[in-house]
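Give me the fold of what follows.
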Amino acid sequence: MQVTPLNDQQLIALYLEGDERAFETLLNRHQQKIYTSIYLFVKDQSLAEDIFQEVFIKIIDTLRKGKYNHEGKFLQWAMRIAYNMCVDYFRRTKRRPQVSPTETFDIFDILQVSDDNAEQGIIRSQTHDKIRQLVDQLPPEQREVVILRHYADMSFKEIAKLTRVSINTALGRMRYALINIRKMVEEKEVILQ
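The predicted model follows:
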């Protein structure tokens, strides 16, 4: 007999009835995407960990107060909280987010990649570094859409709602981001393979 895993709403209901393990399951299910997205915005591991903890404190607080509405999906709701906390952080410090690896964390370590030989691995790593550098050079609104779409795996509808713009604006920003990346590749004669 195969046991179907509980969905997010069921886990939330169990948690509100006092089952702490239900929240742990919910956290384990979504922490990778939420943390990764925060990290890609703030580019600092300890800061990302702090914001991640603040996000989950806010989630717990909202759930316990009964203010969570079941209209949307839990992950998108949590990502909205994480995004808003990152935006608040940048407003307070007047910093701009950048996408670049550190010695201890690299988004591409998390992405599923098939096994291949060392040479292909080196080439792929260099390609990812070049793409990340190009993304860093995009205007903030375009960079934001690229991060939310490709790293946080959000739909354009979710991005539009989160960033408070129309879907057409979000799509336009992605289009211009791709045009700008293509232009940079041509101008700098970047070889991506």
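
element containing the residue nearest the centre of the chain?
Central residue of the chain (C-alpha atoms, centre = their mean): Ser37, 2.4 Å from the mean position. Per DSSP states H and E: Ser37 is located in helix 20-42.

which of the residues in that helix are buried?
Across helix 20-42, burial judged by 16 or more other C-beta atoms under 10 Å covers 22-23, 25-27, 29-30, 33-42. C-beta here means a position set from N, CA and C on the backbone, and glycine is covered the same way.

Are there helices or strands packed against it, and which ones?
helix 8-16, helix 45-64, helix 74-93, helix 107-110 (3 or more C-beta pairs under 8 Å, 6 or more residues apart in numbering; DSSP states H and E).

Residues contacting it, please?
Applying C-beta atoms under 8 Å, 6 or more residues apart in numbering, the contact partners of helix 20-42 are 6, 8, 10-12, 14-15, 45, 48-49, 51-52, 55-56, 60, 74-75, 78-79, 82-83, 85-86, 89-90, 97, 99, 105, 107, 110, 147-148, 151-153.

C-alpha coordinates for it, PDB please?
Only the C-alpha atoms of helix 20-42 are listed here, as PDB (Å, rounded to 0.1, in the frame of the first residue of the first chain):
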ATOM      1  CA  GLU A  20       5.100  20.200  15.400                       C
ATOM      2  CA  ARG A  21       6.400  17.400  13.000                       C
ATOM      3  CA  ALA A  22       3.900  18.600  10.400                       C
ATOM      4  CA  PHE A  23       5.500  22.000  10.400                       C
ATOM      5  CA  GLU A  24       9.000  20.400  10.200                       C
ATOM      6  CA  THR A  25       7.800  18.400   7.100                       C
ATOM      7  CA  LEU A  26       6.500  21.600   5.600                       C
ATOM      8  CA  LEU A  27       9.800  23.400   6.300                       C
ATOM      9  CA  ASN A  28      11.900  20.600   4.900                       C
ATOM     10  CA  ARG A  29       9.700  20.500   1.700                       C
ATOM     11  CA  HIS A  30      10.300  24.200   0.900                       C
ATOM     12  CA  GLN A  31      13.400  25.400   2.700                       C
ATOM     13  CA  GLN A  32      15.800  24.800  -0.300                       C
ATOM     14  CA  LYS A  33      13.800  27.100  -2.700                       C
ATOM     15  CA  ILE A  34      13.100  29.800  -0.100                       C
ATOM     16  CA  TYR A  35      16.700  29.900   1.200                       C
ATOM     17  CA  THR A  36      18.200  29.800  -2.300                       C
ATOM     18  CA  SER A  37      16.000  32.700  -3.400                       C
ATOM     19  CA  ILE A  38      16.900  34.800  -0.400                       C
ATOM     20  CA  TYR A  39      20.600  34.000  -0.800                       C
ATOM     21  CA  LEU A  40      20.500  35.000  -4.500                       C
ATOM     22  CA  PHE A  41      19.100  38.400  -3.500                       C
ATOM     23  CA  VAL A  42      21.300  39.200  -0.500                       C
END
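
Kind regards, and thank you for your time.
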